[in-house]
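Peer 1: Structure for this input, please:
(one chain, ligands or ions: 2)
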Amino acid sequence: MTQSIASRIAKLNPRQQEAVRAIDGPCLVLAGAGSGKTSVITTKIAYLVQECGMSARRIAAVTFTNKAAREMKERVGKMLQGRQGHGLTVSTFHTLGLNIIRGELKALGYKPGFSLFDPEDAKALLRDLMNKDAQVDAEAINQVQATISNWKNDLVLPGQALSHAASEDELFAARVYEAYGRHLKAYNAVDFDDLILLPVTLLRDDPEALSRWRKRIHYMLVDEYQDTNVSQYQLVQLLMAERQTFTVVGDDDQSIYAWRGARPENLVTLGEDFPRLNVIKLEQNYRSTGTILRAANTLIANNPHVYEKTLWSDMGQGAAIRVVVNRHEEAEAERVASEILTRRIKERAEWRDFAVLYRGNFQARLLELKLQHYQIPYKLSGGTSFFSRNEIKDAMAYLRLLINPADDSAFLRIVNVPRREIGPTTLEKLANYATERGGSLFAACQELGLAEQLPVRAVERLGRFTHFIEGVRRRMDQGDAISAIREMLRDMDYEAWLYQNASAPTIAERRMANVWTLIDQLEKSMGADPEEEAASTTTETDGVEAAISRLVLRDILEQQAEEDDSDRVQLLTMHASKGLEFPHVYLMGLEEELLPHRNAIEVGTVEEERRLAYVGITRARRTLTMTLARQRKAYGELMDCTPSRFLDELPEDALEWEGRPDREDPEKKQARGKDALAGIRSLLG
Ligand code: ATP
Ligand code: MG
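Peer 2: Residues are numbered from 1 along each chain as shown. Ligands and ions are numbered 1, 2, ... in the order given. Model prediction:
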């Protein structure tokens with residue numbers, strides 16, 4: 001056993017070995033992407049257990065995302081045998097906090113079975129509290145929610161927020177914060193930020209609790225340290241102040257969560273708080289080809305640096321980085337999907353070797369449809385997959401009911417969406433009646449006998465609904481099926497219903513845009529089946545029915561895909577990709593206003609966007625492809641896009657352009673950027 005860990009350590013470079021063996025005092029590994037920081041953490045856990053005889057129960061390793069925690073757990077699991085890993089904590093900061101809260105309910109004044117409010121629950125509570133005196137809009141609620149979250153991350157309690165409020169708005173937010181806290185407590189609930197805040201305040205104010213946890217955790221390891229916020233730093237500080245036995249690893253160039261309160265200066269503070277800090281730098285990158293690494297280094301050199309780092313790799317130069325310019329966003333998605341399809345064979349790769357990264361989840365929408373078109377299995381991390389969105393499920397249910405009125409589950413999903421005052425009792429009676437008659441719910445609505453089972457008004461309402469659906473169905477038969485479907489959505493004012501149910505107008509807008517995308521897609525796929533084209537006798541309705549069935553099938557296939565962990569293309573935001581690596585990476589939407597994001601340009605935080613691009617680029621091991629669109633749709637209109645400034649910052653000779661736009665003089669470029677701004681604004685949340 002010891003041998004296995006010895007041989008593992010022997011494979012590390014001298015600096016990494018030093019980091020693994022440094023166990024007596026505080027240790028900081030500061031190094032660029034792919035230099036083996038996470039490897040140091042995982043090996044060190046095994047070293048502590050196998051070589052130093054520390055019980056795994058005494059070790060806590062934390063990182064940022066669930067995905068990263070899962071990966072780390074897997075890597076450690078391979079090194080530890082049998083029960084060696086028993087009781088080891090490898091989790092996100094928030095899960096560690098949750099465990100502390102669970103163990104300290106009494107000290108915290110909570111009852112067992114407390115609930116965790118997700119941001120939507122929290123918003124609903126805030127809405128109630130804020131609407132008490134005057135009607136407030138969704139934007140105001142969002143703002144107060146963000147302010148409270150910032151306070152919590154900075155360890156500012158309601159009393160302090162009240163006494164330090166510098167403006168009327170802040171005073172108002174502080175009052176809401178105070179009431180919000182009281183209500184959460186009354187509900188025996190905590191919110192997401194409380195998962196760190198409560199443990200920190202407890203450990204700070206309750207010496208007994210502090211001593212319990214200091215006895216429980218003897219060694220801490222923190223990955224992605226550059227993204228810790230004030231409260232997370234405090235948690236580490238409190239737990240480790242006495243023993244000073246911890247290892248934190250990070251890269252200031254990958255700090256991408258300032259907007260969530262992350263404080264990269266924590267790297268500096270650490271040196272001040274722990275003067276014995278052993279700082280180790282790693283310089284060899286084991287992940288990427290020379291070309292990819294050179295591009296990443298050149299890009300990030302445009303940012304100011306606290307610590308200078310040089311990264312090199314002996315993986316060979318590798319292929320050039322391709323930059324593919326597409327006509328519009330749909331061509332971009334089409335290009336990525338079709339390339340992955342062919343490259344998988346050419347490169348003898350697996351689906352999981354490909355990752356597509358983008359700035360915002362909405363960018364995955366078209367890509368998903370294209371991947372499905374080619375039947376490429378994929379996994380979308382974070383964000384909701386297109387077909388599992390409520391609005392898409394609603395729209396799909398309408399489509400299913402249109403082609404098959406006997407589809408009871410589709411009927412049930414939308415009979416009261418938008419609201420038609422058809423309640424559960426009515427539906428239950430209708431269902432009983434349908435079962436008796438041996439027919440579908442839809443058919444039962446039209447039976448005369450129903451009047452004996454239900455009040456007149458209920459029968460009328462059901463009749464209106466089936467009549468409506470049949471009307472659409474007739475219009476589909478008579479002419480342009482797709483227009484009839486679009487008309488249906490407008491007639492029932494689905495959009496108004498979305499607005500009533502969304503916490504913010506922008507959300508409703510985006511949901512409606514998703515529905516239109518689905519219908520556009522349906523229109524495009526009509527007659528797309530070669531077999532159908534051959535049979536020239538097909539009518540419009542046959543075409544639309546076949547197209548709808550294909551969509552339904554894709555939907556089902558996708559649900560099945562969710563259930564297993566098989567070989568699939570990875571789709572994720574650049575934020576979610578931190579710490580991960582893939583042989584082939586696609587970065588989409590390399591355009592001004594998208595990357596860098598419009599908000600960042602407006603408030604002057606382009607440096608953080610540059611770090612985000614750096615994170616994206618450094619996920620790639622062998623090949624990197626960047627794509628952009630010349631035009632993007634916003635508000636149903638095509639808007640011109642400008643290539644990202646980051647492309648100009650990459651070494652020219654590392655890039656291989658395809659469809660490069662003519663070089664423009666900078667003024668013209670700027671003017672075009674402003675044009676795009678208005679349009680893309682609507683796309684970004
Ligand atoms: P990031 O900053 O992106 O989180 P990282 O510094 O955590 O990167 P790792 O993920 O630990 O880097 O390592 C990158 C890759 O290099 C992994 O595939 C890892 O297995 C490999 N690696 C790390 N150290 C060595 C080494 N000494 N020899 C060979 N391969 C190594
Ligand atoms: Mg890492």
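
Peer 1: where do the helices sit along the stretch 351-500 of the chain?
Peer 2: Applying DSSP state H, counting those that start in this stretch to the stretch 351-500 of the chain gives helices spanning 364-373, 390-403, 408-414, 424-437, 441-445, 450-453, 456-478, 481-491, 494-501.

Peer 1: wait, I meant the stretch 551-685 of the chain
Peer 2: Per DSSP H, counting those that start in this stretch, the stretch 551-685 of the chain carries helices over the ranges 598-603, 606-617, 645-648, 666-681.

Peer 1: Render the CA-only coordinates of the second one in PDB, please.
Peer 2: Looking back up the chat, that one is helix 606-617. Output of helix 606-617 as PDB, limited to C-alpha atoms (Å, rounded to 0.1, in the frame of the first residue of the first chain):
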ATOM      1  CA  VAL A 606     -13.100  43.100 -18.800                       C
ATOM      2  CA  GLU A 607     -10.200  41.700 -16.900                       C
ATOM      3  CA  GLU A 608     -12.400  39.100 -15.300                       C
ATOM      4  CA  GLU A 609     -13.800  38.200 -18.700                       C
ATOM      5  CA  ARG A 610     -10.200  37.700 -19.900                       C
ATOM      6  CA  ARG A 611      -9.600  35.300 -17.000                       C
ATOM      7  CA  LEU A 612     -12.800  33.500 -18.000                       C
ATOM      8  CA  ALA A 613     -11.500  33.100 -21.600                       C
ATOM      9  CA  TYR A 614      -8.200  31.900 -20.100                       C
ATOM     10  CA  VAL A 615     -10.000  29.300 -18.100                       C
ATOM     11  CA  GLY A 616     -11.900  28.200 -21.300                       C
ATOM     12  CA  ILE A 617      -8.700  28.000 -23.400                       C
END
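
Peer 1: Does anything pack onto that helix? Which helices or strands?
Peer 2: Applying 3 or more CB pairs under 8 Å, 6 or more residues apart in numbering; DSSP states H and E, one finds that helix 606-617 contacts helix 290-300, strand 582-587, helix 598-603, helix 645-648. For glycine as for every other residue, the C-beta is placed from the backbone atoms N, C-alpha and C.

Peer 1: rerun that using 6 Å as the cut-off
Peer 2: helix 290-300 (3 or more CB pairs under 6 Å, 6 or more residues apart in numbering; DSSP states H and E).

Peer 1: what angle sits between the helix it packs on and helix 606-617?
Peer 2: Here the directions of helix 290-300 and helix 606-617 differ by 170 degrees (axes from the mean of the first three to the mean of the last three CA atoms, to 10 degrees).

Peer 1: what's the following helix or strand after helix 290-300?
Peer 2: Sequence order places strand 321-328 as the next helix or strand after helix 290-300, per DSSP states H and E.

Peer 1: so for that next one, what's the average pLDDT?
Peer 2: Average pLDDT, strand 321-328: 96.

Peer 1: Can you list the buried residues in that strand?
Peer 2: 321-326, 328 (16 or more other CB atoms under 10 Å).

Peer 1: picking up where we left off before, for the helices of the stretch 351-500 of the chain, which one sits closest to ligand 2?
Peer 2: Ranking the helices of the stretch 351-500 of the chain by distance to ligand 2, with CB to the ion as the measure, places helix 364-373 first at 23.9 Å.

Peer 1: Let me see the contact set for the residue in the stretch 101-250 of the chain positioned nearest to ligand 2.
Peer 2: Closest residue of the stretch 101-250 of the chain to ligand 2, CB to the ion: residue 223 (5.8 Å). Residues near residue 223 by CB atoms under 6 Å, 6 or more residues apart in numbering: 38, 41, 63, 249.

Peer 1: For it, which non-adjacent residue is closest in space?
Peer 2: residue 63 (4.0 Å; CB to CB, 6 or more residues apart in numbering).

Peer 1: Isn't that neighbour up against residue 69?
Peer 2: Yes. Applying CB atoms under 6 Å as the test, residue 63 and residue 69 come out as touching, 5.3 Å apart.

Peer 1: Between the two, tell me which one has more neighbours.
Peer 2: More neighbours surround residue 63 than the other of residue 63 and residue 69, with 27 against 23 (other CB atoms under 10 Å).

Peer 1: Can you give me the neighbour number for residue 10?
Peer 2: When neighbours are counted by other CB under 10 Å, residue 10 registers 8.

Peer 1: how close does it get to ligand 1?
Peer 2: Residue 10 sits 10 Å away from ligand 1, going by CB to the nearest ligand atom, to the nearest Å.

Peer 1: The residue of the stretch 251-400 of the chain at minimum distance from ligand 1: neighbouring residues, count only.
Peer 2: Closest approach between the stretch 251-400 of the chain and ligand 1, counting by CB to the nearest ligand atom: residue 286, at 3.3 Å. Other residues near residue 286 come to 16 when the count uses other CB under 10 Å.

Peer 1: ok so it is a strand residue?
Peer 2: No. With DSSP: H, G, I helix; E, B strand; the rest coil as the criterion, residue 286 is assigned coil and is not in a strand.

Peer 1: Give the full set of residues in contact with it.
Peer 2: residue 36.

Peer 1: Residue 416 is in contact with residue 426, isn't it?
Peer 2: No. The pair residue 416 / residue 426 is not scored as a contact, 9.3 Å apart, by CB under 6 Å.

Peer 1: re the thing from before, ramachandran angles for the residue of the stretch 101-250 of the chain closest to ligand 2?
Peer 2: phi -90, psi 160 (degrees, to the nearest 10).

Peer 1: give the contact list for residue 22.
Peer 2: Residue 22 sits next to residue 278 when contact means CB under 6 Å, 6+ apart.

Peer 1: now do 10 Å
Peer 2: 28-29, 40, 44, 245, 247, 278, 280 (CB atoms under 10 Å, 6 or more residues apart in numbering).

Peer 1: Residue 110 now?
Peer 2: Contacts of residue 110 (CB under 10 Å, 6+ apart): 101-102, 104, 184-185, 188-190, 198.

Peer 1: between the residues you listed, which is nearest residue 412?
Peer 2: Of all the contacts of residue 110, residue 412 sits closest to residue 189, with 31.6 Å by CB to CB.

Peer 1: quick one: low-confidence parts of the stretch 1-150 of the chain?
Peer 2: The stretch 1-150 of the chain contains residues with pLDDT under 70 at 1-3, 113-115, 118, 120-121, 132-134.

Peer 1: Next to ligand 1, which bits of it? Give me the list.
Peer 2: Where the stretch 1-150 of the chain comes near ligand 1, counting by CB under 6 Å from any ligand atom, the residues are 11-13, 16, 31, 33-39.

Peer 1: so which of the residues you listed is the most crowded?
Peer 2: Tallying neighbours with other CB under 10 Å puts residue 35 at the head of these, with 28 neighbours.

Peer 1: Need the three-state assignment for it.
Peer 2: Residue 35 ends up coil, using three-state DSSP.
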